[in-house]
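> sharing a sequence plus its predicted fold:
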Amino acid sequence: MTADTEVTGRAMDRERRIAGLTADGWRKAVMALILAAAVALPFGLGSFQTFQVTLVLIYAIAILGLNILTGFNGQFSLGHSAFFAIGAYTSAILMDRYEMTSYLTIPIAGGFGFVAGFLFGFPALRLSGLYLALATFALSVATPQLLKYNHFEEFTGGVQGINLLKDSAPFDLPFSVDQWWYFVTLAIALLCFWMARNLVHSRTGRAIMAIRDNPIAAATMGVNTALYKTLTFGVSAFLTAVAGALSAIVVEYVAPDSFTFLLSVYFLIGLVVGGVGWIPGAVIGGAFVLYVPNLAEGISTGLAGVLFGVIILLVIYLMPSGASGLVRLAVTRLQRGFDQDNNKA
Amino acid sequence: MELFLNQVFSGLATGSIYAAVALAVVMIFLAIDHFNFAQGEMAMFSTFVCWALLDAGTPYWLAFILTIAFAFAFGVVIERVLFRPLHSAPVLSHIIAFLGLFFILNNGAGWIWDFTIKPMPSPFPEGSISGLISYHQIGMIGVVLVMLALLFVFFRFTSVGLAMRAAAQNPESARLCGISVGWMIALGWGMASAIGAVGGMLIAPVVFLEPNMMLGILLYGFAAAIVGGITNPAGAVAGGFMVGVLENLVGTYIPFVGSELKLTVALVLIVAVLMVKPSGLFGRTTVTRV
């Protein structure tokens, strides 16, 4: 498709009304509905379920970070558990050793994540595709061992990890602790998704995607590929570290064995299930990696890993474009259905 | 001096295992251009099969050969069933498929044979030569070297070996010459799986048998393959021995590393080699046409 037809196609889409609403109107309506449901959710759920939904949002932020890197910039990472760990440990150490208030630790954790990601982005520049996957695989396998390292024990608490206590709702707000932190997480998640959306739709975002699609052409057009790739790594790690900080606070505990290679795999699977390069997909991916392993455990405790493996293989074979493909398919079907109805009338 | 020699010999012994895993990784890389993240788990699973055979009273070397046969068939089946349909799928799909396989094998082994740590018998006598190198370590190195010699003969002097090399180097032309490239890839998977199984069976008496035993070894296997050059099987083997010795010397003589940061050493090694000399010590540089 050339640029011209795409533009006119969009213009037509914009004017066409389905059941009285334009495509954009429908998008806004669906978003408002989801948002209202998200706000109402904790009042209809028990405290454990609220806690679980909070974790879904946390995973979603981390997967969003990975999506920026892999989906929009085309760099693979099996090492995002390391950035998640950096966020979680920054937050935990600041709260535990320096008695900092938990809210303040979240942006600081994100900052540390950004710096770490930016720095890791430099070796990543020289590694294409597979080799980057391998280097980041090494990073995530080595992370728990680094966290256990006894010379850092004074800060990290070694194998024992760090126990934390989360603040309850301020100003005597009528929320339970779990509800309060659900809302804090929701607010941060919305902010992250909004920022990610704006990033992708900006000039910078187009440069980032151009590098994914054709690095040589992008460089020829004057895109500073090295700068954008390292920056993307930084932004991606920033989001994942923010998620890590939130998880440390919400779970009230950090320990080296929570940040294994497995966690990176979960992020990657969440990304693929949600849809690579589709921003809202991160939420679906987050829900998948939280609930499906639990579901597998429910079916058979011993075989949970096998079931999970089979499920992700099925996803790859049956819907390689993840939830984004399904949503797109559903939207086209619906549109076609409406068009046919209109024609008949 | 004795400590030094001791460390070098035991480094060579574990290095032989890294060499085997690296060789398996390289074989699959040459066949399908992907890193098999489940290579370690395939080896672990085969090692459990060997353990089960031994547990049922099979004599060691018979169990050893039966396990190699099993691993070979297992590799071929995995390629035919799981990876053949993904032939032209994007890289990410491959990575996810490898990870799915990883989960299935890791948890499957734990489910079938239990997650408890099991001692694995060694076919070699106990004891050592004047405290420097144990008979098991000599055995490890010896078995791996014999396996390499056999592979060399296979690839150099048999027509199937030649066909496999052709299929890896230039699939299009190989196909035109009447070579079934698809089956050569399956054969490559089978052989890689068998090589990994030999590594698993030899290292299990040292690290004990349990479903997670291969993760660290796989990482070192990758490091070995990268150091030696991912496109060169002989280089990967040399890389294995080098990485094994390096691991031990760094652990012994650099005080802050010790045994606690062994995986970090592998990480640094992988990143450093990929940055400074991405083709490894003995690999060829790939040139892409724009």
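Good, I have the coordinates.
> which SSE is whichever residue of the stretch 101-250 of chain B sits closest to chain A in?
Residue nearest to chain A within the stretch 101-250 of chain B: residue B:107 (2.5 Å; Cβ to the nearest Cβ). Where C-beta positions appear, they are placed from N, C-alpha and C, glycine not excepted. Residue B:107 is part of helix B:91-113, with elements assigned from DSSP states H and E.
> ok, then the element right after that helix?
Next along from helix B:91-113, by DSSP H and E: strand B:128-129.
> what is the rounded mean pLDDT of that next one?
Strand B:128-129 shows a mean pLDDT of 76.
> so which elements touch that strand?
For strand B:128-129, the elements it packs on are helix B:135-157, judged by 3 or more Cβ pairs under 8 Å, 6 or more residues apart in numbering or on different chains; DSSP states H and E.
> ok, residue 21 - contacts?
Here I'm looking at chain A. Shown in contact with residue A:21 (Cβ atoms under 8 Å, 6 or more residues apart in numbering or on different chains): residue A:29.
> my bad, the chain I had in mind was chain B
Each residue near residue B:21 by Cβ under 8 Å, 6+ apart is listed here: B:39, B:40, B:43, B:196, B:199, B:214, B:217, B:218, B:220, B:221, B:224, B:240.
> give me the secondary structure label for it.
helix (DSSP: H, G, I helix; E, B strand; the rest coil).
> residue B:7 versus that one, what's the distance?
21 Å (Cβ to Cβ, to the nearest Å).
> ok, now residue B:269?
17 Å.
> what helix or strand does residue B:244 sit in?
Residue-wise, residue B:244 maps onto helix B:233-253 under DSSP H and E.
> next SSE downstream of that helix?
helix B:262-276.
> please save the CA atoms from that next one in PDB.
Extracted C-alpha coordinates of helix B:262-276, given in PDB (Å, rounded to 0.1, in the frame of the first residue of the first chain):
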ATOM      1  CA  LYS B 262      30.400 -17.700  37.800                       C
ATOM      2  CA  LEU B 263      27.400 -16.900  35.700                       C
ATOM      3  CA  THR B 264      28.400 -13.200  35.600                       C
ATOM      4  CA  VAL B 265      31.700 -14.200  34.200                       C
ATOM      5  CA  ALA B 266      29.900 -16.000  31.400                       C
ATOM      6  CA  LEU B 267      27.700 -12.900  30.800                       C
ATOM      7  CA  VAL B 268      30.800 -10.600  30.600                       C
ATOM      8  CA  LEU B 269      32.500 -13.000  28.300                       C
ATOM      9  CA  ILE B 270      29.600 -13.200  25.900                       C
ATOM     10  CA  VAL B 271      29.100  -9.500  25.800                       C
ATOM     11  CA  ALA B 272      32.800  -8.700  25.500                       C
ATOM     12  CA  VAL B 273      33.400 -11.200  22.700                       C
ATOM     13  CA  LEU B 274      30.300 -10.200  20.800                       C
ATOM     14  CA  MET B 275      31.400  -6.500  21.000                       C
ATOM     15  CA  VAL B 276      35.100  -6.900  20.200                       C
END
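> chain B contacts on the stretch 101-250 of chain A?
Contacts of the stretch 101-250 of chain A with chain B, taken as Cβ under 8 Å from any Cβ of the partner chain, map to A:123, A:126-127, A:129-131, A:133-135, A:137-139, A:141-142, A:145-146, A:148-151, A:216.
> let's see that with 7 Å instead.
Residues of the stretch 101-250 of chain A lying close to chain B by Cβ under 7 Å from any Cβ of the partner chain are A:123, A:126-127, A:129-131, A:133-135, A:137-139, A:141-142, A:145-146, A:149-151, A:216.
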